[in-house]
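Asks: okay, sequence plus prediction incoming.
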Amino acid sequence: MFKLTPPPPTGGPWTKSVLHSFTGNPDGQAPFSALIADASGTLYGTTPGGGTTPAGTVYKVTPPTTTGGAWTETVLYSFTNGSDGGQPPAALTADPSGALYGPAPYGGASGNGVVFKLTPPTATGGAWTETVLYSFSGGTDGTSPNGSLIADASGALYGTTTSGGTGSSGTVFKLTPPTTTGGAWTETVLYTFTGSPDGASPFVGLIADASGALYGATYNGGTSGNGTVFKLTPPTTTGGAWTETVLYSFSGSDGANPRGSLIADAEGALYGTTFLGGAGSSGTVFKLTPPATTGGAWTETVLYSFTGGSDGANPPAALIADTSGALYGTTNSGGGGYGTVFKLTLPARFTGVPGKANCHGQSISVLAKTYGGVAAARYGAWIR
C-alpha cells in the first residue's frame, strides 16, 4: 500500500511512501482493490490472496499518532474459501454504522461466490463478524461477483457477476435487505447478458445517476467482441423489467476489454479505461459523450492510447479526477516493467459539453514508476 504526495512546486517530482508491505500470511497478498477511508483517515481494503487460510482478507491500515510514525495494518477477517466466501478482489462499501460490504467470487454454499457483510465489534479490540448476505448458486442468479457494490437510500445493494445468468454471460443484480431483523436478503436479477450485442463478463462495479439508472462496462461481447459500455434503465412500474441499452461497443482500435468502473462528470459524460486496444494495443483512456438529442448515439473519444513503454500499458482500474478535471489512474505493466501511476491532463478547450466537438492535445505525465506489487484502484465515483 502506497501514498503519492504531490510536489510543493509545480512540476517537481511526486514522492512515493510505502504505508504497508504485505507478507502473505497473515496480513494478505496481492491487493487489487481501491481503498476507502473513514473520518479518522483509517483505510480499508481487500486482498484476494493471503491470510491465514490463505483465501484473502479484509484489512484496515491505521495512520500513525505522530508525524512520521508507522502505519498499522490489522486483518479484520480472513476468508476460508468455504461457506464464508473467498478471494475478494473489489473495493468495499460502508454504511453509516461502519459495517463493510463486498463481493467474493469464490466459496459460498455452492462455490460460486457470495456477497458478505462485516460488522464492527461492539467493544474496542473485539472481533469483526462476517455474515454472508447471499450465496450465488451458479445458475440463473449469476456466478462469481467481482465488482464493487453500490447502495441506494433503502440499503439495497447492486452489483455484477462475471458469468452465470440465463445467458451464461453474467448478470446485474440487486440485493434487498430483509424487512425484519435477521431475515434473509432477497436477490433479484435485473439483467442477464447474452454476449452479443449487449456484452458479456462485467468485471466491474456500477455507478448510478439521479434517476436510478445504472451504468457499467463488460469486458467481452458487443458487436465486435471487445466489450461494451451499457446503461440499465429502471422500470416505470413496480416489478417491471429493467431495460439495457448499449451506449458503445468497442471495435479494438478505439479500445478493447474495459476492466475498470466508470466515472462521470456533471454533464453526464462517462470516462473509463480499456485494458487492451487503442493505437498502441496497450489500452486507452476514453470518454463517452451523451447525445445532444434524446435517442441519439453516444460519442466515444480516445483521450489517450498507451504505447506500452515508459507511459505504461494495460490500465486495469477506474480513474479518479481532481477539481481541474485532470484524470489519474494506474497501469498494470510498462514504465519500469511493473506499471505506472499516471495523470492525464486535458487542455482547457476540452470542455466535455454534450453536443460540442471535443478537441485533442491531451498530455500524460507518469507520476511514479513501480517495480513490483502494484495495487490497482478499482472504484467508481461521480465527479461533481
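Replies: Now that the structure is in, tell me what you want to look at. Bear in mind that the values here come from a model prediction, so they are computed numbers and not experimental data.
Asks: now tell me what touches the strand or helix carrying residue 134 from outside.
Replies: Here residue 134 sits within strand 129-135, counting by DSSP states H and E. Under the criterion C-beta atoms under 8 Å, 6 or more residues apart in numbering, residues 77, 83-85, 101, 108-110, 112-119, 121, 157, 175, 185, 187 lie in contact with strand 129-135. All C-beta spots, glycine's among them, are computed from the backbone N, C-alpha and C.
Asks: likewise stretch 121-128?
Replies: 58, 76-77, 118-120, 129.
Asks: which of the helices or strands spans residue 286?
Replies: strand 284-289.
Asks: now the helix or strand just after that strand against strand 284-289, angle please.
Replies: With elements assigned by DSSP H and E, the helix or strand that comes after strand 284-289 is strand 299-305. Counting by axes from the mean of the first three to the mean of the last three C-alpha atoms, to 10 degrees, strand 299-305 points 160 degrees away from the direction of strand 284-289.
Asks: each with direction, which strands does strand 299-305 pair with?
Replies: If you go by DSSP bridges, strand 299-305 pairs up with strand 284-289 (antiparallel).
Asks: tell me how far the strand it pairs with lies from the chain's centre.
Replies: With C-alpha atoms, centre = their mean, to the nearest Å as the basis, strand 284-289 stands 16 Å off its chain's centre.
Asks: check stretch 71-86 too.
Replies: 20 Å.
Asks: what residues does that stretch touch?
Replies: Contacts for stretch 71-86 (C-beta under 8 Å, 6+ apart): 1, 19-20, 26-28, 44, 51-64, 87-88, 100, 104-109, 113-114, 116, 118, 128, 130, 132, 135.
Asks: out of those residues, which sit inside helices?
Replies: If you go by DSSP state H, the contacts of stretch 71-86 have nothing in helices.
Asks: what does stretch 5-24 rub up against?
Replies: Contact with stretch 5-24 is made by 1-4, 27-31, 43, 47, 49-50, 54, 61, 71, 73, 367-368, 373, as judged by C-beta under 8 Å, 6+ apart.
Asks: mind doing that once more with 7 Å?
Replies: Residues from elsewhere that reach stretch 5-24 (C-beta atoms under 7 Å, 6 or more residues apart in numbering): 1-4, 28-29, 31, 47, 50, 54, 61, 71, 73, 367-368.
Asks: the residues you listed: which two are farthest apart?
Replies: 54 and 367 (31.5 Å; C-beta to C-beta).
Asks: of those two, who's got more company?
Replies: Between residue 54 and residue 367, counted using other C-beta atoms under 10 Å, residue 54 has the larger neighbour count: 21 against 17.
Asks: the more buried one against residue 26, yeah?
Replies: No: with contact defined as C-beta atoms under 7 Å, residue 54 does not reach residue 26; the gap is 8.4 Å.
Asks: buried ones in the helix or strand encompassing residue 248?
Replies: In the assignment (DSSP H and E), residue 248 maps to strand 243-249. Neighbour-count burial for strand 243-249, counted by 16 or more other C-beta atoms under 10 Å, picks out 244, 246-249.
Asks: is it possible to export those to JSON lines including pLDDT?
Replies: Listed next are these as JSON lines, based on pLDDT from 0 to 100:
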{"residue": "244", "pLDDT": "98"}
{"residue": "246", "pLDDT": "98"}
{"residue": "247", "pLDDT": "98"}
{"residue": "248", "pLDDT": "98"}
{"residue": "249", "pLDDT": "98"}
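Asks: of those, which is the nearest to residue 220?
Replies: residue 249 (11.1 Å).
Asks: so which of the contacts of stretch 121-128 is the most crowded?
Replies: Counting by other C-beta under 10 Å, top hit in these: residue 58 with 25 neighbours.
Asks: residues in contact with that residue?
Replies: Residue 58 neighbours (C-beta under 7 Å, 6+ apart): 46, 76-77, 88, 92, 100, 118.
Asks: what comes up buried for the strand holding residue 134?
Replies: 130, 132-135.
Asks: name the residues linked to residue 4 by a beta bridge.
Replies: Going by DSSP bridges, residue 4 forms beta bridges with residue 16.
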